[in-house]
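[1] model the structure of this input:
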Amino acid sequence: MKTIKGVLFIVVLVFLSACEGEPGPPGRDGLDGESFLGSVFEIQGDFTSENEFSLYFQFPPSLTIYESDVVLVYILWQQVENDNGEFLDVWRLLPQSVVLEEGILQYNYDYTFQDVEIFLEGTIDFSTLRVSEAIDQVFRIVVLPADYNLSAQQELSDYNLFMKSLGVNPEVIK
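    Have a look, this model is predicted:
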């Protein structure tokens, strides 16, 4: 009886070790050696008639964007002072609308596999925008790889909580 179990065990072991399937798709190399959960880029620019009130950001060639990836853009909305006298950045997820006396202004974006375009929309004449609405605007572009698990409870509009959930160190933002 022990001999039959032993022979059966060896046959099963040889059979399982001989199984081989199709190789899986190649994995993505880590971009910074620490994490592959996401990439964050910061850009600053002016919305003017010369650039048709749009800002463009081209992804670096080392970053591959897939169809299932998600790209989010946040605008630096304001800075507030905390109890220690330090200024904290307040980020808002685009699109963001502002109701002005002259009409409605909306900051919006779209993206492809190669770039992100941030642009203005609305009922307002963009040439009448105040400096605070058009000049030196700061944006953070967040790329979430397809393998990042977005849960239903994840709050994407709170930039600081979202970056914390990604494990992104603010010092590595490009």
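[2] dump the residue contacts of residue 74.
    91-94, 139-140, 142, 159 (C-beta atoms under 8 Å, 6 or more residues apart in numbering). Every residue, glycine included, has its C-beta placed from N, CA and C.
[3] mind putting those in JSON lines, neighbour count, secondary structure and distance to residue 104 included?
    Output for these, formatted as JSON lines (neighbours: other C-beta atoms under 10 Å; DSSP: H, G, I helix; E, B strand; the rest coil; distance: C-beta to C-beta, whole Å):
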{"residue": "91", "neighbour count": "19", "secondary structure": "strand", "distance to residue 104": "21"}
{"residue": "92", "neighbour count": "16", "secondary structure": "strand", "distance to residue 104": "16"}
{"residue": "93", "neighbour count": "17", "secondary structure": "strand", "distance to residue 104": "18"}
{"residue": "94", "neighbour count": "16", "secondary structure": "coil", "distance to residue 104": "15"}
{"residue": "139", "neighbour count": "21", "secondary structure": "strand", "distance to residue 104": "20"}
{"residue": "140", "neighbour count": "20", "secondary structure": "strand", "distance to residue 104": "24"}
{"residue": "142", "neighbour count": "21", "secondary structure": "strand", "distance to residue 104": "26"}
{"residue": "159", "neighbour count": "22", "secondary structure": "helix", "distance to residue 104": "23"}
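[4] burial count for residue 72?
    When neighbours are counted by other C-beta atoms under 10 Å, residue 72 registers 20.
[5] identify the bridge partners of the residue lying closest to it once chain neighbours are set aside.
    If the residues on either side of it in the chain are set aside, residue 72 comes closest to residue 142, at 4.5 Å by C-beta to C-beta, 6 or more residues apart in numbering. Beta-bridge pairing for residue 142 (DSSP bridges): residue 40, residue 72.
[6] give me the pLDDT for residue 142.
    For residue 142, the pLDDT comes out at 93.
[7] any weak-confidence spans in the chain?
    For the chain, the stretches flagged by pLDDT under 70 are 1-2, 5-21, 24-37, 147-174.
[8] tell me where it has strands.
    Secondary structure of the chain by DSSP state E: the strands cover 39-45, 54-58, 70-81, 87-93, 96-100, 103-111, 115-122, 137-144.
[9] make TSV from the ones you listed and add distance to residue 128 to it.
    Listed next are these as TSV, based on distance: least, C-beta to C-beta, whole Å:
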stretch	distance to residue 128
strand 39-45	19
strand 54-58	17
strand 70-81	20
strand 87-93	23
strand 96-100	9
strand 103-111	9
strand 115-122	11
strand 137-144	16
